[in-house]
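Colleague: Starting from these lines, generate the structure:
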Amino acid sequence: MCEFNPNTRIDPCLRKLIKNLKTYTKLNTVACCCGHGKYPMTILVKFDNEIFDLVSGVVIPRIRKFYKRDKQGRYHIPEVKNAQREKNQINWRKDPCT
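Modeller: Model (predicted):
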């Protein structure tokens with residue numbers, strides 16, 4: 001995780017990973033963000049004319065404007081944020097201590 005910097009296209013902590021994805025796979029990275037400790041990390045890739053988050057597996061149903069800005073100026077992808085919330089709720093329900 002790195003500090004939020006709106007002037008950089010690829011977060012410094014993801015640069016090596018994104019470079020390796022480009023070098024060693026056929027995945028085309030369209031966007032990425034480490035989440036800066038507030039949101040889940042996202043790496044959006046295009047494969048077979050479909051855009052999905054490589055980290056969560058969530059399919060993104062648009063071809064641009066992936067990220068939405070919150071009140072503090074941080075960017076996130078609503079579909080990934082919602083999927084993580086749902087996953088946490090499911091895990092909470094499966095808690096064996098309840």
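Colleague: where's the nearest residue to residue 68 once chain neighbours are set aside relative to residue 46, distance?
Modeller: Among residues not flanking residue 68 along the chain, residue 78 sits closest, at 5.7 Å (Cβ to Cβ, 6 or more residues apart in numbering). Where C-beta positions appear, they are placed from N, C-alpha and C, glycine not excepted. As for residue 78, its distance to residue 46 is 19 Å (criterion: Cβ to Cβ, to the nearest Å).
Colleague: Am I right that residue 14 is in a helix?
Modeller: Yes. With DSSP: H, G, I helix; E, B strand; the rest coil as the criterion, residue 14 is part of a helix.
Colleague: where in the chain is pLDDT low?
Modeller: Along the chain, the model assigns pLDDT under 70 to residues 1, 4-8, 87-98.
Colleague: Show me what the most centrally placed residue in it bridges to in the sheet.
Modeller: Centroid check for the chain by Cα atoms, centre = their mean gives residue 42 as the closest residue, at 1.4 Å. Beta bridges link residue 42 to residue 33 when assigned by DSSP bridges.
Colleague: repeat for the one 10 residues further on
Modeller: Each beta-bridge partner of residue 52 is listed here, defined by DSSP bridges: residue 45, residue 59.
Colleague: rewinding a little: contacts only, for the residue nearest to the centre of the chain.
Modeller: For residue 42, the contact set (Cβ atoms under 8 Å, 6 or more residues apart in numbering) comprises 31, 32, 33, 35, 53, 55, 56, 76, 77, 80.
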